[in-house]
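Asker: Take a look and give me a structure for this.
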Amino acid sequence: MKNILLLTNIYPMNDPTYDGTPVCHFFTREWVKMGYNVKVVHFFSLFPRPYYWVGEIFGETIAAKTGCVTYSNPSRHCEKYNVDEVSVLYVPMTKYVPHRNFSKSNINKAFNWVCRQLEQEGFVPDVVTAHFPLPQLEMLHLFKQKFPLIRTCLVLHGDGSQIPTIYPDDYQFYMSSVNVWGFRSLAFKNQFENIFGTKKEEFICYSGIPEKYFSSDEKRFEANVCHFVFVGSLFKLKNVDVAIKALHEAFPDGNFHFDIVGSGAEESNLKSLCAELGVTDSVTFHGQQTRDDAQKMMAKADCFVMVSTREAFGLVYVEAMSKGCIVVATKGQGIDGVIMDGENGFLCESESVEALANVIRRISALSPERLREISHNAQKSASQLTDHKVAEFYLQKIL
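Answerer: Numbering: from 1, shown residues only. Have a look, this model is predicted:
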C-alpha cells in the first residue's frame, strides 16, 4: 500500500481549543479509511510570546477583520499524536515576521527532524503532497532531493501570487520540484495560470461533506421564497450585514425570515443594524450551533445566502446544496465553478447590497417548477462532493 506524506501549516492540533480549519484532515482521514499509510507534518509558525499576548487580547477582532485564527499558548516543542487514526508530526518553527519565509537554519532543522522521525518508523513516502506554499514549497523541494522518485503535489488555497515574494531568489527552482498542482477552486486555477502559465498536471481540489448530510427530500417551494439562512462565523469578511440590508431592500414589507447561525465579533453590530432597519422580528440569531444542528436549520430554509469577500472554497455551500437550498454565493470565489449561475444556484458580487437584492428578487420571481429544478440540480451537484469521492479523486491525481 502506498505511503502518503502530507505537509501543511494548518491542521488540527493536540489541543481541544483548536479552532482552525480541518480541511486537510478531511482528506487524510478518508485516505486512512481506504487503507493507505498516511502521515501528516504540521509546520506551525511560532512567533515571540508578545505576539500571543496581543492575540489573547484582540483575537476576536483580528479574526473578524482577517479571518485568521490566533492562538494564545501554542506548544513550542515537537510532538507526535494521532487525530482520527491519522499520525501527525507537529513541528513548531520560529519566525518574527508573518507571511515571510523562515531562516534557512530553521528550515533545515525542521526538515532534518522530520526525516529522522520517518526513518525511525521506516516510513518512506511514495508521494508527498502539500497545502499552502509557506514553508511547504521549499519543503517539497527538499523531499524531492532526498527522494528523487517520489511524486510531489502542491495544493494552493489562493492564486499563488505570493510565491515570488516568499521565495524571491528560488521560487522557479522550487516550483520545478512540483509534479502536480492542485487548486481549491477554478478561479484560483485561472488566476495562477495568468501569472505562471499552465502546468503539465493540474486539478481542482474540492472539499466534500459527510454522506450522512445528504438529503433525499425535495423542497416543494409551494409558497414564495421567503425563508433564508446563513451559517458561519460572524466576521466582517462574511458580509452578513450586506445580506440583512439586501433582504430589507428586497422585502420592504418585512415579509421574510433570516436565520443567522454562528457567532463572532460582528454579532452586536449586526443586531444593531437589524434594530436600525426595523427588521428585528424578521431576523433570528441562533448563536453557535453544532455542525449537525446547523444542517437541520438549512434543511428548513428555502435559500442559503453567504457572499463572503474571501472564501477559498466554502464547504457550507455544499452542505446547503445537499439540502436542496437555493444557494447564493460569491462570484469569482471558491465555489464559483461548482455553482453555475441560474442552474444549480446563484452567484453575486460580494459587497454590493443592490446586486444581492436583485438576485433575491430574481429568485423570488421564479416559478415553483423552476425553483424545484434548481434545487434538484444543487442536490445532484453536491452528491459528487462527498468526503470519500473528493479524497479518492485527489489520490487519482497525485499517485
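
Asker: tally of neighbours for the closest residue in space to residue 300 that isn't next to it in sequence?
Answerer: Distances taken as C-beta to C-beta, 6 or more residues apart in numbering put residue 227 closest to residue 300, at 7.1 Å, once the chain neighbours are dropped. C-beta coordinates here come from the backbone N, C-alpha and C atoms, glycine included. Residue 227 has 15 neighbouring residues, counting by other C-beta atoms under 10 Å.

Asker: Run through the residues that contact residue 11.
Answerer: Applying C-beta atoms under 8 Å, 6 or more residues apart in numbering to residue 11 gives the contacts 20, 22, 24-25, 40, 42, 83, 88.

Asker: These in strands, which ones?
Answerer: When those are checked against strands (DSSP state E), the matches are 40, 42, 83, 88.

Asker: Out of those, which comes closest to residue 379?
Answerer: Distance to residue 379 across those (C-beta to C-beta) is lowest for residue 83, with 30.5 Å.

Asker: one step back: among the contacts of residue 11, who's most crowded?
Answerer: Going by other C-beta under 10 Å, residue 24 tops the contacts of residue 11 with 25 neighbours.

Asker: For it, give me its contacts.
Answerer: 6, 8, 10-11, 40, 131.

Asker: again, but for residue 159
Answerer: The neighbours of residue 159, taking C-beta under 8 Å, 6+ apart as the test, are 188, 191-192, 195.

Asker: I would like a PyMOL command selecting only the buried ones among those residues, please.
Answerer: Selection of the buried residues among these in PyMOL, burial being defined by 16 or more other C-beta atoms under 10 Å:
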select buried, resi 188+191+192
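
Asker: Need the contacts of residue 159 in TSV (columns: distance to residue 359 and pLDDT).
Answerer: Supplementary listing: the contacts of residue 159 in TSV, determined by distance: C-beta to C-beta, whole Å; pLDDT from 0 to 100:
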residue	distance to residue 359	pLDDT
188	23	94
191	24	95
192	28	98
195	31	98
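
Asker: Okay, and which of the contacts of residue 159 map to strands?
Answerer: With strands defined by DSSP E, no entry of those lies inside them.

Asker: and residue 359, what element?
Answerer: Using DSSP states H and E, residue 359 sits in helix 353-364.

Asker: What average pLDDT does that helix get?
Answerer: Averaging pLDDT along helix 353-364 yields 98.

Asker: buried residues in it?
Answerer: Neighbour counts over helix 353-364 (16+ other C-beta under 10 Å) mark 353, 355-357, 359-360, 363-364 as buried.

Asker: got it, and stretch 124-134?
Answerer: Neighbour-count burial for stretch 124-134 [16+ other C-beta under 10 Å]: 125-134.

Asker: Just the endpoints, please. Distance across it?
Answerer: In stretch 124-134, first residue to last residue: 23 Å (C-alpha to C-alpha, to the nearest Å).

Asker: Run through who's touching that stretch.
Answerer: 2-10, 23-24, 39, 99, 101, 118, 136-137, 139-140, 143-144, 147, 150-157, 160, 162-163, 166, 180, 182, 394, 398-399.

Asker: out of those residues, which are inside strands?
Answerer: Among these, DSSP E puts 3-8, 39, 151-156, 180, 182 in strands.

Asker: Would you check which pair of those lies furthest apart?
Answerer: Spatially, the most separated pair among these is 3 and 156, at 23.7 Å (C-beta to C-beta).

Asker: who has more neighbours, those two?
Answerer: The residue with more neighbours, out of residue 3 and residue 156, is residue 156; 25 against 17, by other C-beta under 10 Å.

Asker: For that one, which non-adjacent residue is closest in space?
Answerer: Distance criterion C-beta to C-beta, 6+ apart; nearest residue to residue 156, sequence neighbours excluded, is residue 183 at 5.5 Å.

Asker: Roughly how far does the one you found sit from residue 249?
Answerer: Distance of residue 183 to residue 249, computed by C-beta to C-beta, to the nearest Å: 35 Å.

Asker: And these two? Which one has more around it.
Answerer: Higher neighbour count among residue 183 and residue 249: residue 183, with 27 against 16, using other C-beta under 10 Å.

Asker: Contacts only, for the more buried one.
Answerer: 155-156, 189, 192, 202-205.

Asker: Who does it form a beta bridge with?
Answerer: Beta-bridge partners recorded for residue 183 (DSSP bridges): residue 156, residue 204.

Asker: Identify all contacting residues around stretch 137-150.
Answerer: Contacts for stretch 137-150 (C-beta under 8 Å, 6+ apart): 5, 7, 41, 43, 101, 107, 110-111, 115, 124-128, 130, 152, 154, 163, 166-167, 170-171, 173-175, 177-178.

Asker: Can you select the buried ones from those in ChimeraX?
Answerer: Selection command for ChimeraX covering only the buried members of the contacts of stretch 137-150, criterion 16+ other C-beta under 10 Å:
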select :5,7,41,43,101,107,110,111,125,126,127,128,130,152,154,163,166,167,171,174,175,177,178
